[in-house]
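Chemist: missing the sequence, but the structure's below:
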């Protein structure tokens, strides 16, 4: 099947030859693609978008073939959680509690310890089973061991005991340290039992006697310190087998220290010190060296006094740590069943029985991660095992073969057994519930399977038979058994006429009426869309839109030509903004009409209210700009819904042009040539003009001197009386002047934005071009007539001292030194780092014409330049006052003061350069050398470089290798050229000098300022 875009184009190809009023039923069926061929199974790899007859690839594949019952549910078999016969129960890993699980399994298989724990008195055993919850460590351990012995579960949760111990389930602790602390805690708990046989259970099972003996190497005298142990810590570093590790000799200075074993416990715990402290890194590390150990261990050679004590032990458990780091890894335990002699591997929830009643560690050693110093596994003799991951060995004293069943059988007390039976009952109920849920899911799936097989055969609608449309997404969810099937919702596919929208037909599928009837009976929903739901109005509208879109380019050319022609007779008013953008507006409206789907979005461009009978246009409509305009001709609609009074914003067009516009904008506002402008707007304009003129005249009368620039205050002519002047933004003054020249054409001025004169820190920051100085009475008038955001004033303080009179100026707010210095620095930087700037070369004949006065005034933005200017008095002999500098007959400089230089009377002069005769402009850069400038001058004035004498401000420029920036040549500078005797061959100079023109873009001109602040 063709792609969706091609199907849509083919569905509407007939509109090129059929007008909207000529549409017939066959055209409507073409638009809805009713007669497209249906796809067959196997022909399409996926469902065809845009073809309502394609019922392939919507999820039917999972139902039409043979289906396994497991596909109808996602519930695992609850029997997989059941404990198998003659196996042990595992323990859940709560995050990082595998080390706890290994010790619990080892202690559980210690039958004497388990039997003793069962015998512990439980004062809360009289409570009902439903109300009982273990509290103490002993109670938790009793309940846990009972579950491990008789639970029906494959594994149980030890979170009760772990929580009672206060362990962090997310952090792995030191396993050896945990073993010591837990046995100590258990010993303390059992010591409080009333039964004397239980108080010393831990000592009887795990405790042995030894002493530290120190022997002097010189005199042979010895001293012994008796002690006891619960586990022997064996140093494995540098040893290969257990026998070497058992040689417990320690040498220290002039004495020998050793350990003497006096008695051994029935259960001998040997801690292999794999986790040692690394002095270089300051952290623990794991020793991954191999250690061999026997299945039978004879401790006789290591006992000092054997007596009748049994010294032969059998291996009963090996605790393994997988991993090369002491801070991470996984713990498992290999434990021997005391009743059968079989070996089991306990790995949290998983329990594996070893074959042949033999301990098998080869798999664990293969899984271990590789280390840097990889060593080969040594060969082990018969009856020995070798491991580099074993960290604890548990040996039990060898028992006689004819020992009674009492030693191997441990009965669970009746109270604990009732708790276990209660947990088993809950487990059986859960298994039954899960089994029922599986059965229900399977039954439901089988019924759905039959339903789908039945209905899918009825879905295709045959030619000539009645049909309906069903949403495609609903059909997919119906065939997707993982989601619940909801009722059929077709409301999203309705057009504004409550019928099937032509654009939505690709999201539905045409099915037979029989299949649709069955689906609606079983699932409900609506509205139902059948062959009578094909919308003629939408098809006609789409036909009109598509024809107009195809015709738009031709109409645009035709209207453009008709507008230029003159016509006679009555016409229609069209907004100039609408006339310029009508093509874009028409395209947007056609796009909206083409994608119109619901009642809510039926309002489109050009369908605004008619001006003769509607007043719904708001004031925002008449103020709408060309870019924001949404409706054609809305730009000449006033806020009252009438014709705008602004004649310059509209144009008269012929009836022929207006007829064309009406095709694209059928409901656009219409104004004939005879239409009168809005009388209400005319009256408001007259009233506003009168008010504006009155306000402008009142403001001008009160600020007469300010508008005529007469009697202006100046810092050089400070009045004798003590007073303050005020600064205002020159931008405000300029807007005010424009307003009073054209009071009816300009927007009123209501604010004085003096914050423009402040820096980001709130300090005074200005240039001469940005401020105007006001008299106090003028400031009072401005404060009364306008909203002032920030007053800025300057104060003059005159003092008389023995050395003479002094004058000091201060501003409020204070001048911001930081921003001023930054501004001066940036100005200086711009002057020294320009690119593609203009300078002027002026050729002079005599020295007397090379005068400094001939150059236009340049305000150099540097403190050095200002200080140089201060040394030269002005022509009228006046001296420039300082804002904060004290001036006397003997001028002195005060630290951190500001100097201000203002031209005569404070009147600003133009800084635009006036080009004189014999002067030429050159484009240069600051990094250009004087030599390269002379090359440019040679081509401009035909003066060889060695005949050029260049001067700037009376200073001779002689260093050809210096850059223009370093020579003080700034943009708009004037360089005087005095030429020596000319030479004949100027072309020869191109071989000597190579012209390098600057390549960077123009950075910008320097705006000179008449008001310069200096920090001294």
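Modeler: Structure received. None of the values given here were measured: they were computed from a predicted structure.

Chemist: use CA for all of it now, contacts and neighbours both
Modeler: Will do.

Chemist: residue 394 contacts residue 320, correct?
Modeler: No - taking CA atoms under 8 Å as the definition, residue 394 is not a contact partner of residue 320, at 11.9 Å.

Chemist: residue ranges of the strands in the stretch 901-1016 of the chain, please?
Modeler: Listed in chain order, the strands of the stretch 901-1016 of the chain (DSSP state E, counting those that start in this stretch) span 919-924, 948-952, 955-957, 974-979, 1013-1015.

Chemist: higher neighbour count, residue 394 and residue 320?
Modeler: Neighbours were counted for residue 394 and for residue 320 using other CA atoms under 10 Å; residue 320 has more, 23 against 19.

Chemist: where does residue 378 land in three-state SS?
Modeler: Taking DSSP: H, G, I helix; E, B strand; the rest coil as the rule, one finds residue 378 in the coil state.

Chemist: residue contacts, it?
Modeler: Residues counted as contacts of residue 378 (CA atoms under 8 Å, 6 or more residues apart in numbering) are 290, 386.

Chemist: quickly note the distance from it to residue 819.
Modeler: Computed as CA to CA, to the nearest Å, the residue 378 to residue 819 distance reads 80 Å.

Chemist: before we move on, what about residue 20?
Modeler: 71 Å.

Chemist: beta-bridge partners for residue 788, please?
Modeler: Beta-bridge pairing for residue 788 (DSSP bridges): residue 752.

Chemist: per-residue confidence at it?
Modeler: Here the pLDDT value assigned to residue 788 is 83.

Chemist: what's the answer for residue 522, then?
Modeler: The predicted local confidence for residue 522 is 84.

Chemist: sec struct for residue 446, please.
Modeler: Three-state assignment for residue 446 (three-state DSSP): helix.

Chemist: so residue 765 sits against residue 771, correct?
Modeler: No - taking contacts as CA under 8 Å, residue 765 lies outside contact range of residue 771: 10.2 Å.

Chemist: buried set for stretch 265-279?
Modeler: 265, 266, 267, 268, 269, 270, 271, 272, 273, 274, 275 (16 or more other CA atoms under 10 Å).

Chemist: ok, so of those residues, who is nearest residue 34?
Modeler: Nearest to residue 34 among the buried residues of stretch 265-279: residue 275, at 79.1 Å, using CA to CA.

Chemist: wait, what's in contact with the closest one?
Modeler: Counting by CA under 8 Å, 6+ apart, residue 275 has contacts 284, 285, 286, 287, 326.

Chemist: what's the nearest residue to the third one if we skip its chain neighbours?
Modeler: Nearest-residue entry for residue 286: residue 275, 4.6 Å, with adjacent residues in sequence omitted and distances by CA to CA, 6 or more residues apart in numbering.

Chemist: just the fourth one next, same as before
Modeler: Spatially, and ignoring its direct neighbours in sequence, residue 287 is nearest to residue 274 (4.9 Å; CA to CA, 6+ apart).

Chemist: where's that neighbour relative to residue 247, distance?
Modeler: For residue 274, the distance to residue 247 (CA to CA) stands at 17 Å.

Chemist: over to residue 346?
Modeler: Note on residue 346: its distance to residue 247, by CA to CA, is 32 Å.

Chemist: okay, these two: which has more neighbours?
Modeler: residue 346 (25 against 13).

Chemist: beta partners for the more buried one?
Modeler: As for beta bridges, residue 346 partners with residue 333, residue 351 under DSSP bridges.

Chemist: wait, it touches residue 89, no?
Modeler: No - using CA under 8 Å, residue 346 is not in contact with residue 89; the gap is 9.2 Å.

Chemist: tell me how far residue 557 lies from residue 645.
Modeler: 30 Å.

Chemist: do residue 279 as well
Modeler: Residue 279 sits 95 Å away from residue 645, going by CA to CA.

Chemist: any weak-confidence spans in the stretch 501-650 of the chain?
Modeler: Residue ranges of the stretch 501-650 of the chain with pLDDT under 70: 593-630.

Chemist: please enumerate the strands of it.
Modeler: Along the stretch 501-650 of the chain, counting by DSSP E, counting those that start in this stretch, strands occupy 508-512, 525-526, 529-530, 572-575, 650-653.

Chemist: what helices and strands are in contact with the fourth one?
Modeler: This points to strand 572-575. strand 650-653 (3 or more CA pairs under 8 Å, 6 or more residues apart in numbering; DSSP states H and E).

Chemist: same check, this time on the second one
Modeler: For strand 525-526, the contact count by 3+ CA pairs under 8 Å, 6+ apart identifies strand 488-489 as packing neighbours.

Chemist: which other residues reach the strand it packs on?
Modeler: By CA under 8 Å, 6+ apart, the residues outside strand 488-489 that reach it are 470, 471, 474, 520, 523, 524, 525, 526, 527.

Chemist: surely residue 76 is in a helix?
Modeler: No - counting by three-state DSSP, one finds residue 76 to be coil, located in no helix.

Chemist: residue 41 versus the closest residue to residue 60 other than its chain neighbours, what's the distance?
Modeler: Using CA to CA, 6+ apart and skipping the chain neighbours, the partner closest in space to residue 60 is residue 479 (6.3 Å). For residue 479, the distance to residue 41 equals 16 Å [CA to CA].

Chemist: the more surrounded of those two?
Modeler: Taking other CA under 10 Å, residue 479 and residue 41 do not tie; residue 479 has more neighbours (21 against 13).

Chemist: doesn't residue 55 make contact with that one?
Modeler: No - assessed by CA under 8 Å, residue 479 is found out of contact with residue 55, at 11.8 Å.

Chemist: mind checking which helix or strand of this protein has the lowest mean pLDDT?
Modeler: strand 1013-1015 (a mean of 29; mean pLDDT, DSSP states H and E).

Chemist: and residue 322, how many neighbours?
Modeler: Residue 322: 19 neighbours (other CA under 10 Å).

Chemist: same deal with residue 165?
Modeler: Residues near residue 165, counting by other CA under 10 Å, number 14.

Chemist: now it: phi and psi?
Modeler: Phi and psi for residue 165, reported as degrees, to the nearest 10, are phi -80, psi -10.

Chemist: what about the closest residue to it other than its chain neighbours, how many neighbours?
Modeler: Leaving aside its sequence neighbours, residue 165 sits nearest to residue 137 (CA to CA, 6+ apart; 7.3 Å). Applying other CA under 10 Å, we find 18 residues neighbouring residue 137.

Chemist: please tell me how far residue 137 sits from residue 164.
Modeler: As judged by CA to CA, residue 137 and residue 164 stand 7 Å apart.
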